[in-house]
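Participant: I'll drop the sequence and a predicted model, then ask my questions.
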Amino acid sequence: MKITFPHMGNMYIPVKGLLEYLNLDIIVPPPSSQKTLNLGVKYGPEFACLPLKLNLGNLIEARELGADTIIMAGGVGPCRFGLYSQIEKEILSDLGYVYDCLVLEPPDKHLGQFIMRLRKIIGTNSWGRVIEAIKFAYQKAYAVDIIEKKVQYLRPLEKKVGTADSIYRHILNTINDAQSINSLQEATNLGILKLDQVPQNINSEVIRIGLIGEIYTLLEPFVSFDIEKELGKLGVHVTRSLYLSEWINSHLLMNYYKKEHSKPFAELAKPYLNYFVGGHGRETIGYAVGFAQEGYHGLIQIAPLTCMPEIIAHTLLPRVKENYRIPILTIYVDEQSGKAGLLTRLEAFIDLIRRQNNNRRIVQ
């Protein structure tokens, strides 16, 4: 059994750590690229959202490297994500790619099925070993998030553009290579120390933007055209509504780890959206309110074209904008999207925020 999985940003690091801890054979697909997208567009349904097409491309590329078993997270509710695994398996079968597909539904909904499918993956490993592996994988995800947040803070302040990102790539490699909790902690601490030495323009005027929307488009830089990095070049400190370790904790570990700084998004969203609409629609609204209350200068929603939960959130965001007087930009992405157009919109949006801030200072 040679296991693979689709990409979603840096998710490959904790997933690889988990499976390697259990001594399983894994094949990590090549990073998502234009070739990956072309494969997904060629063989995927025309009106499917972009994440499905890229996932399909990931799995085709992994199969060509020898993978024969897919691990995918499942889903419940209105979002089409819950159907991805079945659709992709059928398409791959039609193409002659024989895969065994293991879908892990959220355990709070189908605990029995979750345990049975998990047992099929872990083989002869003891449950104690599995628990250790899950904890190790979570610690890797948490370490990645710590480093990501540090880099998000540094990008608009660094004296030489790209310095933090150069160090960031090296740190990710060391976290990925870590084989124990001690080596992981050492890699994380050393990474933070290196980032702390990045020369900064401490007097720079920094715009604070809350990045909200669907998790895949938030975490996968190929899909968002490296939006966080591009905003950093424009003097923007970005904070996302969703981070990988928080998603793992809330969706797969049933909040086993205490969430110290998470916003009560469900409560914040209630005046606008008080029920689950699938995907991360409610998180989008709740975090939009939370960021506005914390004094962020603007919000950017990013989502796949035709994403129903985000379309619902999109229709409600104007009320948040009106109530909190905060600028909001919505960006939908598909295979036709281009980086040049995105950069033009980002530059105009940030320029608008800066002019508004200057006008407020003049009035005061």
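Facilitator: Received it, and whenever you're ready, just let me know what you need.
Participant: And the strands in the stretch 1-150 of the chain?
Facilitator: Listed in chain order, the strands of the stretch 1-150 of the chain (DSSP state E, counting those that start in this stretch) span residues 2-4, 25-26, 69-73, 100-104.
Participant: The longest helix along the chain packs against which elements?
Facilitator: Assignment by DSSP state H gives helix 127-154 as the longest helix of the chain. Contacts defined by 3 or more Cβ pairs under 8 Å, 6 or more residues apart in numbering; DSSP states H and E place helix 127-154 against helix 12-21, helix 111-122, helix 163-177, helix 181-196, strand 236-240, helix 244-251. (C-beta placed from N, C-alpha, C; glycine too.)
Participant: Which residue would you name as the spatial centre of this protein?
Facilitator: The residue lying closest to the centre of the chain (Cα atoms, centre = their mean) is L219, at 2.4 Å.
Participant: what sits against that one?
Facilitator: L219 is in contact with M8, G9, N10, M11, R240, L242, L244, counting by Cβ atoms under 8 Å, 6 or more residues apart in numbering.
Participant: likewise I147?
Facilitator: Y168, I171, L172, I175, T188, G191, I192, L195.
Participant: Identify the residue nearest the fifth one in space, chain neighbours excluded?
Facilitator: Beyond its immediate neighbours in the sequence, the residue positioned closest to T188 (Cβ to Cβ, 6 or more residues apart in numbering) is A143, lying 4.4 Å away.
Participant: Compare the strands of the stretch 1-150 of the chain and give me the one nearest L317.
Facilitator: strand 69-73 (26.7 Å; Cβ to Cβ).
Participant: Below-threshold pLDDT in the stretch 101-250 of the chain: ranges please.
Facilitator: For the stretch 101-250 of the chain, the stretches with pLDDT under 70 are 105-117.
Participant: swap the cut-off to 80 and go again
Facilitator: Scanning the stretch 101-250 of the chain for pLDDT under 80 picks out 102-123, 250.
Participant: Can you say which two of the contacts of L219 are spatially most distant?
Facilitator: Maximum pairwise distance in those, criterion Cβ to Cβ, is 14.0 Å, between M11 and R240.
Participant: Show me how this protein divides into domains.
Facilitator: With domains defined by automatic domain parsing, the chain comprises 2-125, 204-363.
Participant: Where among the ones you listed is average confidence lowest?
Facilitator: Sorting the domains of the chain by mean pLDDT places domain 2-125 lowest, at a mean of 85.
Participant: The longest helix of the chain vs strand 236-240, what angle?
Facilitator: Using axes from the mean of the first three to the mean of the last three Cα atoms, to 10 degrees, the inter-axis angle of helix 127-154 relative to strand 236-240 is 160 degrees.
Participant: can you map out the strands along the stretch 251-364 of the chain?
Facilitator: Using DSSP E, counting those that start in this stretch, strands in the stretch 251-364 of the chain cover 298-304, 328-333.
Participant: As JSON lines, the ones you listed with distance to Y138 would be great.
Facilitator: Converted to JSON lines, the strands of the stretch 251-364 of the chain look like this (distance: least, Cβ to Cβ, whole Å):
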{"stretch": "strand 298-304", "distance to Y138": "26"}
{"stretch": "strand 328-333", "distance to Y138": "29"}
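Participant: would JSON lines of those strands with mean neighbour count and distance to N58 be doable?
Facilitator: Shown next, in JSON lines, are the strands of the stretch 251-364 of the chain (neighbours: other Cβ atoms under 10 Å; distance: least, Cβ to Cβ, whole Å):
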{"stretch": "strand 298-304", "mean neighbour count": "25", "distance to N58": "15"}
{"stretch": "strand 328-333", "mean neighbour count": "20", "distance to N58": "17"}
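Participant: where's the residue nearest to Y43 when sequence neighbours are not counted relative to L83, distance?
Facilitator: The shortest distance from Y43 to any non-neighbouring residue, by Cβ to Cβ, 6+ apart, is to I91 (5.7 Å). Counting by Cβ to Cβ, to the nearest Å, the gap from I91 to L83 is 12 Å.
Participant: Between the two, point out the one with more neighbours.
Facilitator: A direct count of neighbours by other Cβ atoms under 10 Å for I91 and L83 places I91 higher, at 19 against 13.
Participant: from what I can see that one touches L56, true?
Facilitator: Yes. The criterion here is Cβ atoms under 8 Å, and I91 meets it with L56 at 6.3 Å.
Participant: hey, what's in contact with both of the two?
Facilitator: Counting by Cβ under 8 Å, 6+ apart, the residues touching both I91 and L56 are Y43, G44.
Participant: show me what contacts the residue lying closest to E310 once chain neighbours are set aside?
Facilitator: Setting aside the residues directly before and after it, E310 is nearest to A303 in space (Cβ to Cβ, 6+ apart), at 3.5 Å. Neighbouring residues of A303 by Cβ under 8 Å, 6+ apart: G213, E214, T217, E310, I311, H314, T330, I331, Y332, V333.
Participant: For A303, name its beta-bridge partners.
Facilitator: Beta bridges link A303 to Y332 when assigned by DSSP bridges.
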